[in-house]
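K.L.:
sequence plus the predicted model coming up.
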Amino acid sequence: MEKHELLKELSKLSVDEVYELAHQAHRHIEARASLNFVKGMVVEFETRDGETKRGTVKYVNQRTCSVDADGKPWRVSFQFLRPVMS
């Protein structure tokens with residue numbers, strides 16, 4: 001479906017229907033993101049202080065990964081993780 005066709009169809013929906021559609025799309029994106037990470041994978045991420053951490057995925061949750069970096073557990077959103085290629 002073309003972008004302009006999609007926007008035309010969206011304009012026919014109520015605010016509640018658009019909200020529900022956006023919520024479902026968000027869940028779908030999160031589910032697809034989680035497929036990129038598996039237990040045992042080595043990943044990197046930036047801390048709030050700007051420090052780069054490297055660690056191993058211990059658990060893949062619905063919205064985050066539990067990562068062991070420097071012997072400390074971190075809960076990191078998929079969007080901040082990047083795989084380390086060896």
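P.N.:
Yep, that arrived.
K.L.:
any low-confidence regions in the chain?
P.N.:
Applying pLDDT under 70 to the chain flags residues 30-35, 86.
K.L.:
ok, now with 80
P.N.:
Within the chain, the stretches falling below the threshold (pLDDT under 80) are 1, 26-35, 86.
K.L.:
can you pull out the strands in it?
P.N.:
Here the chain has its strands, by DSSP state E, at 42-46, 52-60, 64-69, 72-77, 82-83.
K.L.:
out of these, which comes closest to Asp16?
P.N.:
Judged by Cβ to Cβ, the one of these that comes nearest to Asp16 is strand 72-77, at 27.2 Å. For every residue, glycine as well, the C-beta is placed using N, CA and C.
K.L.:
may I see the strands of the chain organised as a markdown table, with distance to His26 and mean neighbour count added?
P.N.:
Compiled in a markdown table, these are given as follows (distance: least, Cβ to Cβ, whole Å; neighbours: other Cβ atoms under 10 Å):
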| stretch | distance to His26 | mean neighbour count |
| --- | --- | --- |
| strand 42-46 | 21 | 17 |
| strand 52-60 | 18 | 15 |
| strand 64-69 | 15 | 20 |
| strand 72-77 | 13 | 14 |
| strand 82-83 | 21 | 12 |
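K.L.:
need the ones you listed in CSV with distance to Ile29, can you?
P.N.:
CSV is the format used below for the strands of the chain (distance: least, Cβ to Cβ, whole Å):
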stretch, distance to Ile29
strand 42-46, 19
strand 52-60, 15
strand 64-69, 14
strand 72-77, 12
strand 82-83, 17
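K.L.:
good, we can wrap up now.
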